[in-house]
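1. Quick one: sequence and predicted model below, then my questions.
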Amino acid sequence: MSDFPADRPAVAVLDVWCELQCPDCRTALDDLTALRARYGDRLDVRLRHFPLEKHRHSFAAAQAAEEAAEQGQGRPYVEAVLRRVEELDRGGEPFLVEVARELGLDAEEFDTALIDGRHILIVDADHAEGKAIGVTGTPTYVIGGERLDGGKSQEGLRERIEEIADRLLAGDGE
């Protein structure tokens, strides 16, 4: 899921392999907010799904994020769910539908999407691509061909991402 329309070329791309039941991904939200504020339209932050088996609602949450994106509220939905990881742990799919309702999305369509699995292929493709490039946990960032693992600590990652983004935006190679 991208912040930009498909027909708009991005200047620099930051792929973020994430899962919505991950406390470390919630911690990463502040860094992503700061990066968006610093770079604005010059950085395309793309959420890539990497549901982990240890979190039983993560696969449904990834599908729900895709439904939110389809309804035009991808980023607000992802941020709302991540800020309430504990509620997702307890509430599962009904919680995912409730967050959609709170954001003014079509909750019935959300429920249907979770039942019919219309977004499974997107989630599976992201997961497979993540595995292929060595993603083992979340959050994991890829920018300018460099993979940065944030699952153990976010310490210093935003600064490293900024260094790479600055180099890319200056035209010093991708």
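-> That came through, no problem. Residues are numbered from 1 along each chain as shown.

2. Would you mind giving both backbone torsions of residue 149?
-> Per-residue torsions, residue 149: phi -90, psi 120 (degrees, to the nearest 10).

3. And it, how close does it get to residue 135?
-> Separation of residue 149 from residue 135 (Cβ to Cβ, to the nearest Å) stands at 8 Å. Quick note: C-beta positions are derived from backbone N, CA and C, even for glycine.

4. which of the two has more neighbours?
-> A count of neighbours by other Cβ atoms under 10 Å puts residue 135 above the other of residue 149 and residue 135, at 22 against 16.

5. three-state assignment of the more buried one?
-> coil (DSSP: H, G, I helix; E, B strand; the rest coil).

6. shouldn't it be in contact with residue 50?
-> Yes: using Cβ atoms under 8 Å, residue 135 is in contact with residue 50, at 5.6 Å.

7. list the residues that contact both of these two?
-> Shared contacts of residue 135 and residue 50 (Cβ atoms under 8 Å, 6 or more residues apart in numbering): residue 17.

8. And the strands in the chain?
-> Per DSSP state E, the chain carries strands over the ranges 12-18, 43-49, 140-143, 146-149.

9. closest to residue 108 out of these?
-> strand 43-49 (23.1 Å; Cβ to Cβ).

10. other SSEs contacting the closest one?
-> When contacts are defined as 3 or more Cβ pairs under 8 Å, 6 or more residues apart in numbering; DSSP states H and E, strand 43-49 packs onto strand 12-18, helix 23-39, helix 58-70, helix 74-82, helix 120-132.

11. Could you dump these into JSON lines with mean neighbour count and mean pLDDT added?
-> As requested, those are exported to JSON lines (neighbours: other Cβ atoms under 10 Å; pLDDT from 0 to 100):
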{"stretch": "strand 12-18", "mean neighbour count": "23", "mean pLDDT": "95"}
{"stretch": "helix 23-39", "mean neighbour count": "17", "mean pLDDT": "91"}
{"stretch": "helix 58-70", "mean neighbour count": "24", "mean pLDDT": "96"}
{"stretch": "helix 74-82", "mean neighbour count": "20", "mean pLDDT": "96"}
{"stretch": "helix 120-132", "mean neighbour count": "15", "mean pLDDT": "97"}
